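the following comprises the amino acid sequence and a computationally predicted model.
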Amino acid sequence: MHLFGSHTYSLYNKDNQRVWCKFHFKTQQGIKNLTNEEAAKINGMDREYHGKDLFDAIERGDYPKWTMYIQVMTEEQARNHHENPFDITKVWEHGQYPLIEVGVLELNRNPENYFAEVEQAAFSPAHVVPGIGFSPDKLLQGRLFAYGDAQRYRLGINHNLIPVNRAKCEVNEYHRDGAMRVDGNYGSTPAYSPNSQGYWTAQPEVAEPPLNLEGAMWRYNPNDDPTDNNFRAAGKLWRLLTEDKKQLLIENTATDIAPVTENIKYRHAVHCYLADPEYGERFVKATGLNMDKVIELAKLDNDALNRATL
């Protein structure tokens with residue numbers, strides 16, 4: 001399957017020129033999916049089927065690869081974009097912001113000790129190198145804090161010193177001491193900044209450029225924004241699907257949603273219809289709902305829809 005960074009980051013150069021960026025990894029193996037029936041059969045025989053498939057492929061030298069791309073949006077384009085470019089639920093259309101190939105991700109080694117190299121791995125979006133920065137993406141801003149907190153709770157205050165998490169080159173950080181700190185711990189270097197010995201000084205030449213902020217800070221309801229269309233991207237994706245994939249989507253959704261209450265089914269049907277009328281009509285037919293009721297509900301705003309389908 002393809003991999004997507006979801007969040008919007010930034011790229012900046014030595015002249016403090018910044019652009020916004022999204023990361024994409026497209027599989028070189030080709031997209032392969034299972035029907036519900038195929039998945040049920042495989043799961044009954046081997047619950048670790050996908051993990052075993054990955055492990056065996058690497059062991060025999062058939063290394064899985066993904067081509068890495070970036071999408072780039074200038075700050076000026078972001079200011080004039082038709083919707084919030086930092087909203088994780090939206091996509092940047094490839095026709096307007098084409099994919100730029102930058103490299104390949106290859107998995108070519110299995111872990112020798114699963115606990116040491118997998119269970120203790122600590123990923124955080126806050127770990128970036130000079131030249132890569134962040135954005136006003138609200139969910140990303142929360143994750144910059146939350147992931148580090150989770151790792152400190154799960155693995156300890158010095159989890160960045162565990163070999164699988166340690167940088168390949170020497171890096172300096174303000175953190176010192178704490179449980180299980182068993183290296184030199186910066187010796188007798190002063191533990192505060194600024195200091196007269198010149199330690200821990202900032203490096204402005206690699207700092208992310210400042211971000212100009214404007215507008216009122218408030219708890220805005222996205223439904224009040226006339227430019228915020230939550231169904232545009234879903235409709236375009238539906239229209240890109242081939243007929244066999246459309247039919248598979250309808251069948252799988254109808255099967256998965258069968259146990260829920262009728263009001264939830266209607267709410268989902270309305271969302272499908274607002275994305276694309278054909279999508280909604282086919283879902284309604286597959287689930288035996290009333291199309292006239294769906295059309296009436298689709299005229300309501302989101303809050304009214306929620307009340308009407310309680």
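Everything's here; your move.

buried ones in the helix or strand bottoming out on mean pLDDT in the chain, by neighbour count?
When the helices and strands of the chain are scored by mean pLDDT, DSSP states H and E, helix 302-308 comes last with a mean of 84. For helix 302-308, the neighbour count (16 or more other CB atoms under 10 Å) marks residue 305 as buried. The C-beta positions use only the backbone N, C-alpha and C, and glycine is treated the same way.

secondary structure element holding the residue lying farthest from the centre of the chain?
The C-alpha centroid of the chain is most remote from residue 196, which lies 43.2 Å away (CA atoms, centre = their mean). Using DSSP states H and E, residue 196 sits within no helix or strand.

find me the pLDDT at it, would you?
Looking at residue 196, its pLDDT stands at 89.

just the CA coordinates of the least confident helix or strand of the chain, formatted as CSV?
Provided in CSV are the C-alpha atoms of helix 302-308 (Å, rounded to 0.1, in the frame of the first residue of the first chain):
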residue,chain,number,x,y,z
ASN,A,302,-24.3,19.0,10.2
ASP,A,303,-25.7,20.0,13.6
ALA,A,304,-29.3,19.6,12.4
LEU,A,305,-28.4,16.3,10.7
ASN,A,306,-27.0,15.0,14.0
ARG,A,307,-30.1,16.0,15.9
ALA,A,308,-32.4,14.5,13.2
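
so how far is it from its chain's centroid?
Relative to its chain's centre, helix 302-308 lies at 28 Å (CA atoms, centre = their mean, to the nearest Å).

name the helices or strands packed onto it?
helix 262-275 (3 or more CB pairs under 8 Å, 6 or more residues apart in numbering; DSSP states H and E).

by contact count, what packs against the helix it packs on?
helix 232-240, helix 243-257, helix 277-287, helix 291-297, helix 302-308.

what's the most buried one of these?
Neighbour counts (mean count of other CB atoms under 10 Å) averaged over each of the helices and strands packed on helix 262-275 peak at helix 277-287, with a mean of 19.

which other helices and strands contact that one?
Against helix 277-287 (3+ CB pairs under 8 Å, 6+ apart) you get helix 232-240, helix 243-257, helix 262-275, helix 291-297.

and the shortest one, what does it pack against?
Put plainly, it is helix 291-297. Using 3+ CB pairs under 8 Å, 6+ apart, helix 291-297 sits against helix 262-275, helix 277-287.

ok, now the second one?
Applying 3+ CB pairs under 8 Å, 6+ apart, we find helix 243-257 packed against helix 36-45, helix 262-275, helix 277-287.

let's see it at 7 Å
When contacts are defined as 3 or more CB pairs under 7 Å, 6 or more residues apart in numbering; DSSP states H and E, helix 243-257 sits against helix 277-287.

could you give the angle of the helix it packs on to helix 232-240?
Using axes from the mean of the first three to the mean of the last three CA atoms, to 10 degrees, the direction of helix 277-287 lies 80 degrees away from that of helix 232-240.

from the rest of the structure, what touches helix 277-287?
238, 250-251, 253-254, 265, 269, 272-273, 291, 294 (CB atoms under 7 Å, 6 or more residues apart in numbering).

what about that helix, average pLDDT?
Mean predicted confidence for helix 277-287 is 97.

quick one, what contacts the residue nearest to residue 185 when sequence neighbours are not counted?
Residue nearest to residue 185 in three dimensions, not counting chain neighbours: residue 176, with 5.8 Å by CB to CB, 6 or more residues apart in numbering. Applying CB under 7 Å, 6+ apart to residue 176 gives the contacts 185-186, 191.

how many other residues sit next to residue 309?
19 (other CB atoms under 10 Å).

how many neighbours does the nearest residue to it once chain neighbours are set aside have?
In space, and not counting its chain neighbours, residue 309 is closest to residue 263: 4.2 Å by CB to CB, 6+ apart. Neighbours of residue 263 under the rule other CB under 10 Å: 12.

do residue 32 as well
Counted with other CB under 10 Å, residue 32 comes out at 7.

tell me which helix or strand it sits in.
Residue 32 belongs to no helix or strand, assigned by DSSP H and E.

what sits against it?
Taking CB under 7 Å, 6+ apart, one finds nothing in contact with residue 32.

again with the one 10 residues further on
Listed by CB under 7 Å, 6+ apart, the contact set of residue 42 reads 34, 49.

try 10 Å
By CB atoms under 10 Å, 6 or more residues apart in numbering, residue 42 lies in contact with 34, 49-50.

residue 72: which of those is nearest?
residue 50 (32.8 Å; CB to CB).

for that closest one, give me its contacts.
With CB under 10 Å, 6+ apart, residue 50 has these contacts: 34, 42.

sticking with it, tell me its helix or strand.
Short version, using DSSP H and E: residue 50 is in helix 49-59.

buried residues in the very next helix or strand once past that helix, which are they?
Following helix 49-59 in sequence order, the next helix or strand is strand 65-74 (DSSP H and E). Within strand 65-74, the residues scored as buried using 16+ other CB under 10 Å are 65-71, 73.
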